[in-house]
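In: Here is a sequence with its predicted model. Questions after.
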Amino acid sequence: MTEILEAVKAGQLSSQEAARRLALLPYEDLGFAKLDHHRELRRGFPEVVLGQGKSPEQIAAIAQKLAAQSQRLLITKVDADCYELVRERLPDAVYHPDARAITLDRLKGVSLKPGVMVVSGGTADIPVAEEAAITAELMGSQVERSYDIGVAGIHRLLDNLPRLRQARVLVVVAGMEGALPSVVSGLVSAPVIAVPTSIGYGASFQGIAPLLAMLNSCAAGVAVVNIDNGFGAGYIAALINSLPVKE
């Protein structure tokens, strides 16, 4: 890094080339994890931590190191007891029980850009929907929510149609038979990001049935993420929403 900075100072390297090289510099090795501190430089958002499969001590150590280099932090799939350990090191971290997520946001006074709407088929799908919503919000999008409006009571969806049509991008979360994204996409012009959940029983096969239904959607404009991947859907929605509006 010193060599790159000296080359820029001497006029031997452009600032653009220096930024490109800095984006590829080595990671921080904690032994059990290798932290990519330059992810934000390349992608515009820092590395996100999947809490599943990690011990609370590992998550707390990773969180502390990432927060030392970035103003934002997102940890997904974690329980409240893990949050208590993280909060000892990062008192300004926040736990979101519905989403089972920890966030840290030190960017003050940043206005959120309207355009994202998150919809769930049932109340049981809310944890995944909230993971998507919180991700998009942390990435700078203002998020509207409308939960428990699945196809079993289609009038609930139709009551929300004016709001659905105002969104620039929709995240539609559903388990069971997974029909909701196709129905929504047939009613709006915005892209729909479909999220199958593991909610259901019998032939739902822990989310395989809604995943296949969404992949086989006959409605145009539907893209599908993996089962219970609210984070992935929220991330993509925020990227779409951040694109400039054509005049």
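Out: In hand now; what should we look at?
In: What ranges in the protein fall below the confidence cut-off?
Out: For the chain, applying pLDDT under 70 flags the ranges 1, 23-24, 247.
In: 80 instead, please
Out: Within the chain, the stretches with pLDDT under 80 are 1-4, 19-28, 41, 108-109, 245-247.
In: C-alpha coordinates for the longest strand along the chain, PDB please?
Out: Counting by DSSP state E, the longest strand found in the chain is strand 113-120. Extracted C-alpha coordinates of strand 113-120, given in PDB (Å, rounded to 0.1, in the frame of the first residue of the first chain):
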ATOM      1  CA  LYS A 113     -34.100   6.500  -1.700                       C
ATOM      2  CA  PRO A 114     -37.700   5.400  -2.100                       C
ATOM      3  CA  GLY A 115     -38.500   2.600  -4.500                       C
ATOM      4  CA  VAL A 116     -38.300  -0.800  -2.700                       C
ATOM      5  CA  MET A 117     -41.300  -2.800  -1.500                       C
ATOM      6  CA  VAL A 118     -41.100  -6.100   0.300                       C
ATOM      7  CA  VAL A 119     -44.100  -8.400   0.300                       C
ATOM      8  CA  SER A 120     -44.700 -11.700   2.100                       C
END
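In: Check which helix or strand the closest residue to Glu177 other than its chain neighbours maps to.
Out: Once flanking residues are discounted, Glu177 sits nearest to Ala213: 5.9 Å by Cβ to Cβ, 6 or more residues apart in numbering. C-beta: built from backbone N, CA, C; applies to glycine. When elements are assigned from DSSP states H and E, Ala213 belongs to helix 208-215.
In: Tell me the first helix or strand C-terminal of that helix.
Out: Heading C-terminal from helix 208-215, the first helix or strand you meet, by DSSP H and E, is strand 222-224.
In: Run through the neighbouring helices and strands of that next one.
Out: Judged by 3 or more Cβ pairs under 8 Å, 6 or more residues apart in numbering; DSSP states H and E, the packing partners of strand 222-224 are helix 180-185, strand 192-196, helix 208-215.
In: Out of the ones you listed, the one nearest Leu66 is which?
Out: strand 192-196 (25.3 Å; Cβ to Cβ).
In: With only the CA atoms kept, save the closest one in PDB.
Out: Provided in PDB are the C-alpha atoms of strand 192-196 (Å, rounded to 0.1, in the frame of the first residue of the first chain):
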ATOM      1  CA  VAL A 192     -39.800  -8.800  -9.000                       C
ATOM      2  CA  ILE A 193     -37.200 -10.700  -7.000                       C
ATOM      3  CA  ALA A 194     -38.800 -13.900  -5.700                       C
ATOM      4  CA  VAL A 195     -37.700 -15.500  -2.500                       C
ATOM      5  CA  PRO A 196     -38.800 -19.000  -1.700                       C
END
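In: Pull up the pairing partners for that strand, direction included.
Out: Using DSSP bridges, the strands paired with strand 192-196 are strand 169-174 (parallel), strand 222-224 (parallel).
In: got the buried residues for the first one?
Out: The reference is to strand 169-174. 169-174 (16 or more other Cβ atoms under 10 Å).
In: Hmm, Pro210 is touching Thr197, no?
Out: Yes. Using Cβ atoms under 8 Å, Pro210 is in contact with Thr197, at 6.9 Å.
In: what's the overlap in contacts for those two?
Out: Counting by Cβ atoms under 8 Å, 6 or more residues apart in numbering, the shared contacts of Pro210 and Thr197 are 174-175, 227.
In: so how far is His37 from Glu3?
Out: Going from Glu3 to His37 by Cβ to Cβ, to the nearest Å gives 18 Å.
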